[in-house]
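1. how does the following fold in three dimensions:
(one chain, ligands or ions: 1)
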Amino acid sequence: ISQEENTLRELRIFLRDICAKLARNKQFFMFTKPVDIEEVPDYLEIIKEPMDLETVMSKIDKHCYICARDFLDDIDLIVRNALEYNPDKSAEDKHIRHRACSLRDKAYAFIKAEMDSDFEDTCRDIRDKR
Ligand SMILES: COC(=O)N1C[C@@H]2C[C@@H]3O[C@]2(Cc2nccnc23)C1
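-> Numbers count the residues shown, from 1 in each chain. Below is the predicted model of the structure:
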């Protein structure tokens, strides 16, 4: 198996571990599954590209992410959607926006703490030549 495939396999193992840690954090339960359209009928009128941690995990397994940046782009999408759909001054909206910002900070901190920057550079080179 090629050196590139070895690198991408290691990336997937690494991203599954981070995604699992985010998903088991009780603070982030509202981000673990797609927003229920039955419960929130106007959600898709406002949010054009829903995203959640379960979907991110399945995208890892489908080899959708070639570098950590691609993974963080979907985490940022989860955050952006939450900020856009819950913009009000109400306590509920403030709470979910605070949790969304915390999700982003935790995800970036896990990547920075556990990912070698040379490894990410190698992944970027693979992505950029594909
Ligand atoms: C990432 O999660 C969200 O953006 N939301 C927005 C929805 C509005 C509110 O909270 C959500 C689910 C929900 N269900 C029933 C009634 N009200 C709500 C979760």
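2. give me the number of residues near the one residue in the chain that gets nearest to the ligand?
-> Distance from the ligand to each residue of the chain (CB to the nearest ligand atom) is smallest for residue 39, at 3.9 Å. For the C-beta atoms, the positions are set from N, CA and C on the backbone; glycine is no exception. Neighbour count for residue 39, taken as other CB atoms under 10 Å: 7.
3. try the one 3 residues further on
-> Neighbour count of residue 42, defined by other CB under 10 Å: 9.
4. for the one 4 residues further on, same thing?
-> Using other CB under 10 Å, the number of residues around residue 46 comes to 12.
5. go ahead and confirm it touches residue 84.
-> Yes. Contact criterion CB atoms under 8 Å: residue 46 and residue 84 qualify, at 6.6 Å.
6. just say helix, strand or coil for the residue of the chain closest to the ligand.
-> coil (DSSP: H, G, I helix; E, B strand; the rest coil).
7. state the pLDDT value of it.
-> Note for residue 39: predicted pLDDT of 98.
8. same question for the one 5 residues further on.
-> In this prediction, residue 44 carries a pLDDT score of 98.
9. which non-adjacent residue is nearest the residue nearest the centre of the chain?
-> Nearest residue to the geometric centre of the chain (CA atoms, centre = their mean): residue 75, 2.7 Å. Nearest residue to residue 75 in three dimensions, chain neighbours excluded: residue 107, at 4.5 Å (CB to CB, 6 or more residues apart in numbering).
10. can you get me a residue count around that neighbour?
-> Using other CB under 10 Å, residue 107 has 25 other residues around it.
11. and it, what is it in contact with?
-> 18, 22, 72, 75 (CB atoms under 8 Å, 6 or more residues apart in numbering).
12. in CSV: the residues you listed, plus pLDDT.
-> Converted to CSV, these look like this (pLDDT from 0 to 100):
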residue, pLDDT
18, 98
22, 98
72, 98
75, 99
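13. now what about the helix or strand containing residue 119, what contacts it?
-> In this assignment (DSSP states H and E), residue 119 forms part of helix 117-128. Defining contact as CB under 8 Å, 6+ apart, one finds that helix 117-128 is touched by 4, 7-8, 10-11, 66-70.
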